[in-house]
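**Student:** Sequence and predicted structure, then a few things I'm wondering about:
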Amino acid sequence: RMLEPDPLQSLVIRKLFAKAAETAWGASRLTQFLNADPDGIATGRRFNWATVNLWLSNPVYIGTYVWNKEGTD
């Protein structure tokens, strides 16, 4: 099976990672950037720093999917 990106969400994620690479900002400042960005607003919701922090550390968004990894909590 293949993961298929959501076009609107992938636009936000790409902007997030591009800005993070460009500025080396943390999740709080990147959240402010996304909430001020018109493309981020187009999703119909506001972002919080915890969600942005999870996106930045998620292996799927980074581009390395981990197979057979199980969570026990």
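**Tutor:** Happy to help now that I have it.
**Student:** what about residue 52, neighbour count?
**Tutor:** Residue 52 has 24 neighbouring residues, counting by other Cβ atoms under 10 Å. Yep, even glycine has a C-beta here, placed from its N, CA and C like the rest.
**Student:** Please give me every residue in contact with it.
**Tutor:** For residue 52, the contact set (Cβ atoms under 8 Å, 6 or more residues apart in numbering) comprises 16, 27, 30-31, 34.
**Student:** Residue 21 now?
**Tutor:** So residue 21 contacts nothing (Cβ under 8 Å, 6+ apart).
**Student:** Tell me the first helix or strand C-terminal of the longest helix along the chain.
**Tutor:** Using DSSP state H, we find that the single longest helix of the chain is helix 7-23. Downstream of helix 7-23, the first helix or strand assigned by DSSP states H and E is helix 27-36.
**Student:** For the longest helix of the chain, list every residue counted as buried.
**Tutor:** 11-13, 15-17, 19-20 (16 or more other Cβ atoms under 10 Å).
**Student:** swap in stretch 21-39?
**Tutor:** Of the residues in stretch 21-39, 27, 30-31, 33-34, 37 count as buried by neighbour count, 16+ other Cβ under 10 Å.
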